[in-house]
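A.B. asks: sequence and computational prediction follow.
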Amino acid sequence: MKVIIIFLLLFSFHSFAQECTNEAKFISAQYEISEMVPVKGNSLKGNLSSTLLEFHRQGNRVLQRFSDVGFSNIWRQGAHGRISLLRAFDEYQHAIEYQPSELSYKPNWQSIYQPISIPALNEMVLLSQTGKGCELKQYYQLQTDSAEYRVTWLPKLALVSYFQIQSNTINKEWQLSSHQVSSERSTLLFREYDNYRSTDYADIGDNEAMPFLAKMINQGFSSAQVVNRQQHSHQH
């Protein structure tokens, strides 16, 4: 009887852990990002700015939407780990496709899979943890010569709940405001962008008669501008 009980407990734990893993692959998250840049000569005062980040994972695809830019990034991991990008412009309902070889910035999938680029957790100090299962939270801290980092991490969902970086030049916070598993909005967004008219980056110059692409050319739009927004969000 004891053997049966132990087996059932182990089976339940394995099933629950597997459930969390599946949730991590199909999750939507919304973040509030605030940044205080100190006024020169006065570290106690500064200019506050804020923006919103909407983040969606669907298997081998990741979608990033920022409230302060006019486009969204849809990343895809294909065969042999090759990463391509569809940059969708909502105003024009048009997208530009970038093949792996056309990306001047070569991201790794791990940096895209995370909504926020944070220091490596194995380099940080684990202060404590609360909760259990899919809602397990781990609290990390890292102190360097130039900055202090604080992270609240949801390990079962591979998701940042809170991130703060403080230094003499910046105070920036990312706060998870909500998250859902297999959300209807996520499905609708991916479907909507799949239906946008698209042009391969290599063919932009051959379509100058199209107003949208002509504007991109006039603005000097190039592959050098194709960077992962989150990658730059923590560089200082």
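C.D. replies: Yep, that arrived. Numbers count the residues shown, from 1 in each chain.
A.B. asks: need the pLDDT of residue 139.
C.D. replies: If you check residue 139, the pLDDT there is 98.
A.B. asks: same check on residue 90?
C.D. replies: 89.
A.B. asks: residues contacting it?
C.D. replies: When contacts are counted by CB atoms under 8 Å, 6 or more residues apart in numbering, residue 90 touches 70, 71, 72. Where you see a C-beta, it was placed from the backbone N, CA and C, and this is true even at glycine.
A.B. asks: may I see those residues organised as a markdown table, with distance to residue 197 added?
C.D. replies: Below are the contacts of residue 90 laid out as a markdown table (distance: CB to CB, whole Å):
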| residue | distance to residue 197 |
| --- | --- |
| 70 | 16 |
| 71 | 14 |
| 72 | 15 |
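A.B. asks: most neighbours among those residues, which one?
C.D. replies: Tallying neighbours with other CB atoms under 10 Å puts residue 72 at the head of the contacts of residue 90, with 20 neighbours.
A.B. asks: now do the contacts for that residue.
C.D. replies: Neighbours of residue 72 in contact, by CB under 8 Å, 6+ apart: 63, 64, 65, 66, 87, 88, 90, 189, 193.
A.B. asks: can you name the residues bridging to residue 200?
C.D. replies: Here residue 200 sits in beta bridges with residue 97, going by DSSP bridges.
A.B. asks: before we move on, what about residue 31?
C.D. replies: Assessed by DSSP bridges, residue 31 has beta-bridge partners residue 53, residue 176.
A.B. asks: turn the contacts of residue 90 into JSON lines, columns for pLDDT and secondary structure.
C.D. replies: What follows is those, written out as JSON lines (pLDDT from 0 to 100; DSSP: H, G, I helix; E, B strand; the rest coil):
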{"residue": "70", "pLDDT": "82", "secondary structure": "coil"}
{"residue": "71", "pLDDT": "87", "secondary structure": "strand"}
{"residue": "72", "pLDDT": "92", "secondary structure": "strand"}
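A.B. asks: if we can go back for a sec, can you select the buried ones among the contacts of residue 72 for me in ChimeraX?
C.D. replies: Buried subset of the contacts of residue 72, written as a ChimeraX selection, criterion 16 or more other CB atoms under 10 Å:
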select :63,64,65,66,87,88,189,193
